[in-house]
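Asker: Sharing a sequence plus its predicted fold:
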Amino acid sequence: MNKMLKISMLLYKTILIFICLIAIGMDAIAEVRTSNTVGIKNEDGVVLYYYLYSDKEAHLGNRYYDSDGLPTSPYDYGWSAYQETTIKIPSKIKYAGVEYNVTGIEGGAFAQSPHLESVEIPEGVRYIGTAAFRQCPKLKNIVFPSTLEGIRPCAFQNCKAIETIYSSITRVFTFELYWKSSSTYRTFEQVVFDNAILYVPAGTKSKYQKIQGWKEFLNIRENSVDITISTAGYSTFYNSQFAYVLPNGLSAQVVTNASNGKLTYKTIADGNTAGIVPKGTAVILASDGKRPGIFTLSPTISDASYSGTNLLHGSDETIMTTGNGYHYKLSYGKTGTIWDNVFGWYWGAQDGTPFQIEGHKAWLVVPNGGTRAEGFTIDGDATEIISIVSEEEGLDVYYDIQGRRISIPTNKGLYIKNGKKVVIK
């Protein structure tokens, strides 16, 4: 009986071991990766190196380091990984006709890059490996995506120049301050904890201040921006310090011209393609399908810029509007007028004079000599032209109520004749 029991137990253990081996084998198959990194150019033509996994995920690696951040023979930590000042990591890559999602940065991926100043880690990346950015002496700016779930020890060791970290992480995780409790091998240097500014999403500052690792930062500020889009489908925005990534469903426009009683808009960023509102650029934000709601804009270190004409102005602080011309605020028309409940640009004060506006909002300035209208509908047409100087002395000049010049009216209705309202019956 005891013999049979022993045989049964042995058989049971053998089956368990066999099942475990199968599970391990399947897991290994699921995580099979290339033995060496493959080089693929990013949008700036910089060759980045990746390990490719069979589940169509890719991790940033380094041809001179293994996945643990240790140098591979014959190279050592003195080798310079990259010579660029800015690195843009793509969220997806394609190799041999197969598309891979970039989900990790492995050990030593950017270690010893002597000129690297800024790196933007895209959405989709979940972890940053050991010594990933070790000894990048000029690294100043870092962007962490909302998908990040972990930072390994020594990731930013000897990166003492870090000034700003932009984090979109809302599910805040812990990270170790040292490697194997050795203060010599730090994840971030103490000077970074003391002096760098950590920008975090709105409403998360108190959370960061309580979580191991993050709470060591002395300068934590909330910096993501929640924009409320009205039922009309629009809002305005301005920030002189940072560029912002638009979320899906939003686009950003500038106003390039105001003539003949009409505004001309130009779209400069589309959130459906990860568009960016450049810093220092006042814009009107429009939602797809005029959908109201709260949209979150995330800061970025992008060097995107807009250098064209823009009649929109903005300020980071609550101020009296500035600019030579007539000043307009995005709002509904005056109650009790024919423009009641009509959304558009309207004088913020009597006769288009300066008015007070809150920080990070935009206003419109139509230059003196242009159309002097109380407002423009959101589609750009003037709502009411106050005075227009005749362009031909001795001749009557007519405009329709949208501010378009016409010949002598032939249809009944309301018109502007020589700067005054008239009704043709």
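Answerer: Nice, I can see it.
Asker: got any ranges where the stretch 301-425 of the chain has weak pLDDT?
Answerer: 337-338, 369-372, 379-407, 410, 414-423, 425 (pLDDT under 70).
Asker: Could you do the stretch 51-200 of the chain as well?
Answerer: For the stretch 51-200 of the chain (pLDDT under 70), the answer is 63-80, 180-184.
Asker: all helices of the stretch 151-300 of the chain, in order?
Answerer: Shown for the stretch 151-300 of the chain, the helices assigned by DSSP state H, counting those that start in this stretch span residues 190-195, 205-208.
Asker: any idea how the chain splits into domains?
Answerer: 34-222, 226-387 (automatic domain parsing).
Asker: can you tell me how far the closest residue to A269 other than its chain neighbours sits from R152?
Answerer: Closest residue in space to A269, ignoring its immediate chain neighbours: G275 at 3.2 Å, by CB to CB, 6 or more residues apart in numbering. Glycine gets a C-beta too; all of them are placed from N, C-alpha and C. From G275 across to R152, the span is 32 Å (CB to CB, to the nearest Å).
Asker: ok, back up a step: out of the helices of the stretch 151-300 of the chain, which is closest to P90?
Answerer: Closest approach to P90 among the helices of the stretch 151-300 of the chain (CB to CB): helix 190-195, 26.5 Å.
Asker: Show me which residues of the closest one are buried.
Answerer: Buried residues in helix 190-195, defined by neighbour count with 16 or more other CB atoms under 10 Å: 192-193.
Asker: Distance from that helix to the middle of the chain?
Answerer: A distance of 26 Å separates the centroid of the chain from that of helix 190-195, by CA atoms, centre = their mean, to the nearest Å.
Asker: got a list of contacts for that helix?
Answerer: 156, 159-160, 162-163, 216-219 (CB atoms under 8 Å, 6 or more residues apart in numbering).
Asker: Can you show me the CA trace of it as CSV?
Answerer: What follows is helix 190-195, C-alpha atoms only, in CSV (Å, rounded to 0.1, in the frame of the first residue of the first chain):
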residue,chain,number,x,y,z
GLN,A,190,19.9,64.4,-4.5
VAL,A,191,20.5,67.7,-6.3
VAL,A,192,17.6,66.7,-8.7
PHE,A,193,15.3,66.0,-5.9
ASP,A,194,16.2,69.3,-4.3
ASN,A,195,16.1,71.6,-7.3
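Asker: quick one on the thing from earlier: looking at the contacts of helix 190-195, which are in strands?
Answerer: N219 (DSSP state E).
Asker: Just the buried ones among the contacts of helix 190-195, please.
Answerer: Using 16+ other CB under 10 Å, the buried ones in these are 156, 159-160, 162, 216-217.
Asker: Now for T103: which residues touch it?
Answerer: T103 makes contacts with 57-59, 124-126, as judged by CB under 8 Å, 6+ apart.
Asker: now for the chain, which residue lies nearest the mean position of the chain?
Answerer: V245 (1.9 Å; CA atoms, centre = their mean).
Asker: Surely it touches S298?
Answerer: Yes. Judged on CB atoms under 8 Å, V245 makes contact with S298 at a distance of 4.9 Å.
Asker: any idea what sits nearest V365, other than its immediate chain neighbours?
Answerer: Closest to V365 by CB to CB, 6+ apart is G323, at 3.6 Å.
Asker: Wasn't that neighbour part of a helix?
Answerer: No. G323 sits outside any helix when classified using DSSP: H, G, I helix; E, B strand; the rest coil, being coil.
Asker: and the gap between it and V200?
Answerer: G323 sits 34 Å away from V200, going by CB to CB.
Asker: of these two, who's got more company?
Answerer: V200 (26 against 15; other CB atoms under 10 Å).
Asker: how about the more buried one, what does it touch?
Answerer: Counting by CB under 8 Å, 6+ apart, V200 has contacts 167, 169, 208, 220-224.
Asker: That one bridge partners, please.
Answerer: For V200, the beta-bridge partners are E222 (DSSP bridges).
Asker: Enumerate every residue touching the closest residue to V283 other than its chain neighbours.
Answerer: Closest residue to V283 apart from its sequence neighbours, by CB to CB, 6+ apart: A252 at 4.1 Å. Residues near A252 by CB under 8 Å, 6+ apart: 237, 246, 267-270, 275, 277, 283-286.
Asker: rewinding a little: looking at the helices of the stretch 151-300 of the chain, which is closest to L263?
Answerer: helix 205-208 (39.1 Å).
Asker: Relative to the whole chain's centre, how far out is that closest one?
Answerer: From the chain centre to the centre of helix 205-208 is a distance of 21 Å (CA atoms, centre = their mean).
Asker: Can you get me a residue count around H360?
Answerer: H360, neighbours per other CB under 10 Å, totals 18.
Asker: For it, what are phi and psi?
Answerer: H360 adopts backbone torsions of phi 70, psi 20, taken as degrees, to the nearest 10.
Asker: And it, how far from P354?
Answerer: From H360 to P354 the distance is 18 Å (CB to CB).
Asker: same question, L177
Answerer: L177 sits 51 Å away from P354 when distances are taken as CB to CB.
Asker: ditto for H327
Answerer: With CB to CB as the criterion, H327 and P354 are 6 Å apart.
Asker: which neighbours do those two share?
Answerer: 321, 348.
Asker: Comparing these two, which shows the higher neighbour count?
Answerer: Each of H327 and P354 has its neighbours counted (other CB under 10 Å); H327 has more, 23 against 15.
Asker: Quick check: what element follows the helix or strand where the more buried one lies along the chain?
Answerer: Applying DSSP states H and E as the criterion places H327 in strand 326-332. Counting by DSSP H and E, the next helix or strand C-terminal to strand 326-332 is strand 343-347.
Asker: now for whichever helix or strand comes after that next one, which elements pack on it?
Answerer: Of the helices and strands lying after strand 343-347 in sequence (DSSP H and E), the nearest is strand 356-357. When contacts are defined as 3 or more CB pairs under 8 Å, 6 or more residues apart in numbering; DSSP states H and E, strand 356-357 packs onto strand 319-320.
Asker: Quick check: can you name the pairing partners of the strand it packs on and their directions?
Answerer: Using DSSP bridges, strand 319-320 pairs in its sheet with strand 356-357 (antiparallel).
Asker: which residues touch the partner strand?
Answerer: Defining contact as CB under 8 Å, 6+ apart, one finds that strand 356-357 is touched by 315, 318-321, 329, 348, 363.
Asker: now do 7 Å
Answerer: For strand 356-357, the surrounding residues in contact (CB atoms under 7 Å, 6 or more residues apart in numbering) are 318-321, 329, 363.
Asker: Okay then, goodbye and thanks.
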